[in-house]
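[1] I would like the atomic coordinates for the input below:
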Amino acid sequence: MTSVTASRSGSGGTAFAVLGAASFCHLLNDMMQSLVIAAYPIFKSEFDLSFAQLGLLTLTYQATASMLQPLVGLYTDRRPQPYSLPVGMSSTLCGLLALAFASSYPGLLVGSALLGIGSSIFHPESSRLARLTSGGAHGLAQSIFQVGGNAGASLGPIVVAFFVLPRGQESIAWFALVALCGIIVLTRLGGWYKRHAERRPVARRGSGEESGLGRREIARALALLFGLILSKYFYLASFTSYYVFYLMHRFGLPQGEAQLYLFVFLASVAAGTLIGGPVGDRIGRKAVIWTSIAGVLPFTLVLPYVGLPATAALSVLIGLILSSAFSAIVVYAQELMPGRVGMVSGLFFGLAFGMGGIGAALVGVLADWTSIEFVYKICAFLPAMGFLAAFLPDAEGRRRARLEAHLSSSASER
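    Sure, this is the predicted structure:
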């Protein structure tokens, strides 16, 4: 990373070098965490685990992240902690070592919890850093930041297929070196963040930075967003934790080949994330949110009944469309509550992790009771909740109207 302290693009004032470095660290963070989920077949075989126990592993990791992230965000809204970023990566490093050398199921749970703690510290402050670099293009910045995480998540199955599977569980320890690389970069980013956060002016009431919504409208909008996150991440849990098992059971694929199909799906998720933010900047976040989640419904309903080539093609479409919503959801929520960027980011990243963890646990239990094919038939209906987005208020339109009124009032006073 070269000269991140001063690099800014002339386009909109966005600090692309810093944003790119933050996205790169997001890639490293989510790659390390996704390779653990991709390694579930190894853990299942090594420790003779049930689907429910695998779901509990995911729940442990994602519950620790979901419960802590809003608290971390709320604290850092009041007292920014730029150098907490490498601390979060250090927890991830410890989690990897714990998983690599675990000799029992409780050891796996401890490693999963450490990974969750690392995410809970990393995401709120790094999301605030991304917004600080945006130069006003908040959707674009959030998408670039998010695409790093999704790209990293997509690399997990590849790493497992070509590196971990041939070498076994203990080979996960090698990725502590990746975490060490992330710690170095995040320490540099923490210095940039500290210098630039101190210069940023604080928005005042009446400045046009408010959403223009009353408390009840904000509460209703947040409740709708929570419902949308639930549907999105419950459905994604069926892919991220169980798609490999689905392909192996339904189509008889070997584990290594099934991991490649999971990589294709996760790569499409990364691409969709990059699209959602800038499109939301142009056409409005509400339109992106409801189109993304509800628009995927026809494909999810068809997927459980088609052959392998069609399953692969539909998984790409589902990943592209469904993933475009998250950046728009995060920025929409940040604009509902300006000045609470850390808390909002922590809340929605935490909610995403929490819903994914609960979804993975429930899907695992349902798969044990019925079959993995039945799970995909039931989960196919979850994106129908996307139609709730039609009831979201037009916060962007009201915010623009307030800003224009404020500017007009300031001009008349002069």
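[2] Number of residues surrounding residue 373?
    Residue 373 has 13 neighbouring residues, counting by other Cβ atoms under 10 Å. In short, each C-beta sits where N, CA and C put it, glycine included.
[3] If we ignore the residues flanking it in sequence, what's nearest it?
    In this structure, residue 373 finds its nearest non-sequential neighbour in residue 250, 5.8 Å apart by Cβ to Cβ, 6 or more residues apart in numbering.
[4] any idea which helix or strand carries the one you found?
    For residue 250, the host element (DSSP states H and E) is helix 243-251.
[5] Against which helices or strands is that helix packed?
    Helix 243-251 sits against helix 40-47, helix 255-283, helix 308-323, helix 372-379, with contacts defined as 3 or more Cβ pairs under 8 Å, 6 or more residues apart in numbering; DSSP states H and E.
[6] For residue 173, find the nearest of these.
    Taking Cβ to Cβ, helix 40-47 is the member of those nearest to residue 173, at 13.6 Å.
[7] Touching that closest one from outside, list them.
    For helix 40-47, contacts defined as Cβ atoms under 8 Å, 6 or more residues apart in numbering pick out 49, 54, 57, 104-105, 108, 160, 164-165, 168-169, 241, 244-245, 255.
[8] all helices of the stretch 51-200 of the chain, in order?
    51-78, 84-100, 105-132, 138-159, 165-167, 176-199 (DSSP state H, counting those that start in this stretch).
[9] of those helices, which approaches residue 17 most closely?
    helix 176-199 (9.4 Å).
[10] Dump that closest one to CSV, restricted to CA.
    Provided in CSV are the C-alpha atoms of helix 176-199 (Å, rounded to 0.1, in the frame of the first residue of the first chain):
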residue,chain,number,x,y,z
ALA,A,176,-2.5,-16.7,10.4
LEU,A,177,0.1,-15.2,8.1
VAL,A,178,-2.8,-13.7,6.0
ALA,A,179,-4.2,-12.2,9.2
LEU,A,180,-0.8,-10.8,10.1
CYS,A,181,-0.7,-9.0,6.7
GLY,A,182,-4.1,-7.6,7.4
ILE,A,183,-2.9,-6.3,10.8
ILE,A,184,0.0,-4.4,9.2
VAL,A,185,-2.3,-2.7,6.6
LEU,A,186,-5.0,-1.9,9.1
THR,A,187,-2.4,-0.2,11.4
ARG,A,188,-1.5,2.1,8.5
LEU,A,189,-5.2,2.7,7.7
GLY,A,190,-5.8,3.5,11.4
GLY,A,191,-3.3,6.3,11.1
TRP,A,192,-5.1,7.8,8.1
TYR,A,193,-8.5,7.4,9.7
LYS,A,194,-7.3,9.2,12.9
ARG,A,195,-5.9,12.2,11.0
HIS,A,196,-8.9,12.7,8.7
ALA,A,197,-11.7,11.9,11.3
GLU,A,198,-10.4,14.8,13.4
ARG,A,199,-10.9,17.2,10.5
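[11] what packs against that helix?
    helix 16-38, helix 84-100, helix 105-132.
[12] need these in a markdown table with distance to residue 294 and mean neighbour count, can you?
    A markdown table is the format used below for these (distance: least, Cβ to Cβ, whole Å; neighbours: other Cβ atoms under 10 Å):
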| stretch | distance to residue 294 | mean neighbour count |
| --- | --- | --- |
| helix 16-38 | 26 | 24 |
| helix 84-100 | 34 | 22 |
| helix 105-132 | 26 | 24 |
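[13] Mind giving me the ChimeraX select for the contacts of helix 40-47, buried ones only?
    Typed into ChimeraX, the line below selects the buried ones among the contacts of helix 40-47, using 16 or more other Cβ atoms under 10 Å:
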select :49,54,57,108,160,164,165,169,241,244,245,255
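[14] which one of the contacts of helix 40-47 is nearest residue 215?
    When the contacts of helix 40-47 are compared against residue 215 (criterion: Cβ to Cβ), the nearest one is residue 241, at 37.2 Å.
[15] what bits of the stretch 301-414 of the chain have low per-residue confidence?
    Applying pLDDT under 70 to the stretch 301-414 of the chain picks out residues 339, 341-342, 345-346, 349-354, 356-357, 395-414.
[16] Using TSV, lay out the helices of the stretch 51-200 of the chain together with mean pLDDT and distance to residue 272.
    Below are those laid out as TSV (pLDDT from 0 to 100; distance: least, Cβ to Cβ, whole Å):
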stretch	mean pLDDT	distance to residue 272
helix 51-78	78	21
helix 84-100	91	25
helix 105-132	86	18
helix 138-159	79	8
helix 165-167	85	28
helix 176-199	84	24
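[17] Need those in a markdown table (columns: distance to residue 291).
    Listed next are the helices of the stretch 51-200 of the chain as a markdown table, based on distance: least, Cβ to Cβ, whole Å:
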| stretch | distance to residue 291 |
| --- | --- |
| helix 51-78 | 26 |
| helix 84-100 | 33 |
| helix 105-132 | 23 |
| helix 138-159 | 15 |
| helix 165-167 | 38 |
| helix 176-199 | 34 |
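[18] just so I know, which of these lies nearest residue 373?
    helix 51-78 (13.0 Å).
[19] Return the set of buried residues in that closest one.
    Going by 16+ other Cβ under 10 Å, helix 51-78 has these buried residues: 51-66, 68-70, 72-77.
[20] out of the helices and strands packed on helix 243-251, nearest to residue 84?
    Distance to residue 84, taken as Cβ to Cβ, is lowest for helix 255-283 among the helices and strands packed on helix 243-251, at 24.1 Å.
[21] Pull out the buried positions in that closest one.
    Using 16+ other Cβ under 10 Å as the burial criterion, the residues of helix 255-283 that qualify are 255, 258-263, 265-281.
[22] Could you do stretch 165-183 as well?
    165, 169, 171-172, 175-176, 178-179, 182-183.
[23] From one end of that stretch to the other, what's the distance?
    End-to-end distance for stretch 165-183: 26 Å, by Cα to Cα, to the nearest Å.
[24] Grab the nearest non-local neighbour of residue 290.
    Ranked by Cβ to Cβ, 6+ apart and with sequence neighbours excluded, the top spatial neighbour of residue 290 is residue 389, at 3.0 Å.
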